[in-house]
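Q: Okay, predicted coordinates and the sequence, questions at the end:
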Amino acid sequence: MLTSPRTSIGNYLLKRESGKVNRNRSMINLSGAKTIGILYPLFAIPDYKQVEAFVSELQQQHKEVKALGYLQYKELISRFLPKLAYDFFSQQQVNWYYKPVNKKVHDFIRRDFDLLIDLTMEEHLPLKFIAGLSRARCKVGRFSEENAKFYDLMIKIDPPQRLQEFISQVRHYLTIIRQHE
């Protein structure tokens, strides 16, 4: 598979920068997490509804949740109601090698979440930058060889599974794992 020079440079810089991230790693399950960050691409309204339902479920469990969505076009941000638990950034807010350059993203990365859940079903380098640079104690995402260096728990899901199935698997595994302090 051929990659563009921009993607190659972005992956190289992500690998270099993520190696410098200082975080307190710890396996955290859903019951033990107090603060949860959720990353997701937002290219369709049904996906937003599924993420919204997942966030509401976690909030009902008295979790502090912050969701960060990646939109393909800046104009789409106005289509989604601003809510306290949600932030968005667009493709226009990433630099030449796909690193997000947005204050909301930087705040999200610097936040010490107990748990970071990346709901990305396909490769999106801007979201990978956020996951890789996050200081979250436990990071959960989709299984791939490239993702092994960023996540503490990876969930393998075969295509063409949908987001709802992935959320279900994340919920299942984060409920049954034992928490380590």
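A: Structure received. Note that the structure is a prediction, hence the values are computed from the model and not measured.
Q: Now do the longest helix anywhere in the chain: which elements does it pack against?
A: Longest helix of the chain, by residue count under DSSP state H: helix 45-60. Packed against helix 45-60 by the contact rule (3 or more Cβ pairs under 8 Å, 6 or more residues apart in numbering; DSSP states H and E) you find strand 35-42, strand 64-71, helix 163-176. C-beta: built from backbone N, CA, C; applies to glycine.
Q: Deepest in the core, which of these is it.
A: Mean neighbour count (mean count of other Cβ atoms under 10 Å) peaks for strand 35-42 among the helices and strands packed on helix 45-60, with a mean of 23.
Q: Give me the distance from the lowest-mean-pLDDT helix or strand in the chain to the chain's centre.
A: Lowest by mean pLDDT, DSSP states H and E among the helices and strands of the chain is strand 86-90, with a mean of 90. Relative to the centre of its chain, strand 86-90 is centred 12 Å away, using Cα atoms, centre = their mean, to the nearest Å.
Q: ditto for stretch 51-61
A: 15 Å.
Q: What residues of it count as buried?
A: 51, 52, 54, 55, 58 (16 or more other Cβ atoms under 10 Å).
Q: Columns distance to residue 30 on top of the residues you listed, output as JSON lines?
A: Converted to JSON lines, the buried residues of stretch 51-61 look like this (distance: Cβ to Cβ, whole Å):
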{"residue": "51", "distance to residue 30": "16"}
{"residue": "52", "distance to residue 30": "18"}
{"residue": "54", "distance to residue 30": "11"}
{"residue": "55", "distance to residue 30": "13"}
{"residue": "58", "distance to residue 30": "8"}
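Q: Which positions in stretch 110-128 come out as buried?
A: 113-121, 124-128.
Q: quick one: which two of those residues are the most distant?
A: 114 and 125 (25.5 Å; Cβ to Cβ).
Q: that older thread, put together a markdown table for the helices and strands packed on helix 45-60, with mean pLDDT on each row.
A: Below are the helices and strands packed on helix 45-60 laid out as a markdown table (pLDDT from 0 to 100):
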| stretch | mean pLDDT |
| --- | --- |
| strand 35-42 | 96 |
| strand 64-71 | 94 |
| helix 163-176 | 94 |
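Q: okay, these in TSV with distance to residue 102 next?
A: Formatted as TSV, those follow (distance: least, Cβ to Cβ, whole Å):
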stretch	distance to residue 102
strand 35-42	13
strand 64-71	10
helix 163-176	23
